[in-house]
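Q: need coordinates for the following:
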Amino acid sequence: MNVIKLTKENATQEDSNVWKCTIEDLPKYKNGEVIDYSVVEKEVDNYSTAYGKDKLTITNKHIPEKTNKTVTKVWVDNDNQDGKRPESTRLNLLVNGTISKKITLTEESNWTYEWNNLDVYTQGVRNVYTVEEALVPEGYEVSYNQDTLTVTNTHEVELIDKTITKVWDDNNNQDGKRPEEIEITLYENETPKEDKITLTKENTTKKISILYSKMNPFYFCFWISLF
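A: The predicted structure follows:
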């Protein structure tokens, strides 16, 4: 039995995927009959084997491994309180640092997308998939978790100060009816906040920092309820 070894050095000039070799000076006849030559290949890992009609052509087939990648956009902006969040955002999928695919995410897509049928390897080297935001929305900072392909946009909600002042019109507490303290409830758009504010004679004026929203078409309105 003759064993023939082929390597990439046997590749033809026309096509590197075709390896050839010629075995010279083989007998044409045996016992007066034409010899029917054929070959059998040792099993090649990760490849299937098929033989041509001439019994001398071997085709090895390997189906490239594929994968899916899902990108997710996360907004950290207190549920778009300031109305800065855009209606859409564009993301790029990079393969080994080079832009391969582009996608636009919206609220309708739940700010997520899955790429299918992506190559796991290129020239035998495992591909590295990453994402980047094409344009970071104004007023936001971006951060990435490339392990999960998560893009996070963070917006610091705006704060404003409001000063609450209590005025007594009782001739300087002439009748002694003035209480030692009062409790105040702050309202946001007709909704009371849970935290109560207490004013005493030591602090007849109280300054508080509160969240401010510019979401159209409403602005936060504040007023005070005394108890």
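
Q: contacts only, for the closest residue to residue 113 other than its chain neighbours.
A: Leaving aside its chain neighbours, residue 113 sits nearest to residue 103 (4.9 Å; criterion: C-beta to C-beta, 6 or more residues apart in numbering). Quick note: C-beta positions are derived from backbone N, CA and C, even for glycine. Residue 103 sits next to 71, 90, 91, 93, 113, 115 when contact means C-beta atoms under 8 Å, 6 or more residues apart in numbering.

Q: now do the contacts for the fifth one.
A: Right, residue 113. 70, 71, 91, 103, 105.

Q: try the second one
A: Under the criterion of C-beta under 8 Å, 6+ apart, the contact partners of residue 90 comprise 102, 103, 104, 105, 133, 134, 135.

Q: put together CSV for the contacts of residue 103, with pLDDT and distance to residue 44 on each row.
A: Shown next, in CSV, are the contacts of residue 103 (pLDDT from 0 to 100; distance: C-beta to C-beta, whole Å):
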residue, pLDDT, distance to residue 44
71, 98, 36
90, 97, 44
91, 97, 40
93, 98, 33
113, 98, 37
115, 97, 31
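
Q: closest one of these to residue 4?
A: Among the contacts of residue 103, residue 115 lies closest to residue 4 (C-beta to C-beta), at 43.0 Å.

Q: hang on, that closest one packs against residue 66?
A: No. Counting by C-beta atoms under 8 Å, residue 115 sits too far from residue 66 to count as a contact (10.6 Å).

Q: give the contact list for the closest residue in space to residue 126 that isn't next to it in sequence.
A: What sits nearest to residue 126 in space, not counting adjacent residues and going by C-beta to C-beta, 6+ apart, is residue 120, at 6.3 Å. With contact taken as C-beta under 8 Å, 6+ apart, residue 120 is in contact with 64, 65, 66, 67, 126, 127.

Q: what pLDDT does residue 120 get?
A: Per-residue pLDDT puts residue 120 at 97.

Q: next one: residue 190
A: 81.

Q: what of the one 4 residues further on?
A: With respect to pLDDT, residue 194 has a value of 73.

Q: that one: neighbour count?
A: Using other C-beta atoms under 10 Å, residue 194 has 6 other residues around it.

Q: go on, residue 71?
A: Using other C-beta under 10 Å, the number of residues around residue 71 comes to 22.

Q: so what's residue 154 closest to, chain neighbours aside?
A: residue 76 (4.3 Å).

Q: how near is that neighbour to residue 200?
A: Using C-beta to C-beta, to the nearest Å, we find residue 76 at a distance of 38 Å from residue 200.

Q: shaky segments in the protein?
A: Applying pLDDT under 70 to the chain flags the ranges 1, 204-227.

Q: if we can go back for a sec, where does the residue nearest to residue 113 fall, secondary structure wise?
A: Element membership for residue 103, per DSSP states H and E: strand 98-106.

Q: measure the closest residue to residue 140 other than its chain neighbours to residue 169 for me?
A: Distances taken as C-beta to C-beta, 6+ apart put residue 153 closest to residue 140, at 4.2 Å, once the chain neighbours are dropped. Between residue 153 and residue 169 the computed distance is 51 Å (C-beta to C-beta).

Q: the two: who's more crowded?
A: Ranked by neighbour count (other C-beta under 10 Å), residue 153 and residue 169 place residue 153 first, with 22 against 5.
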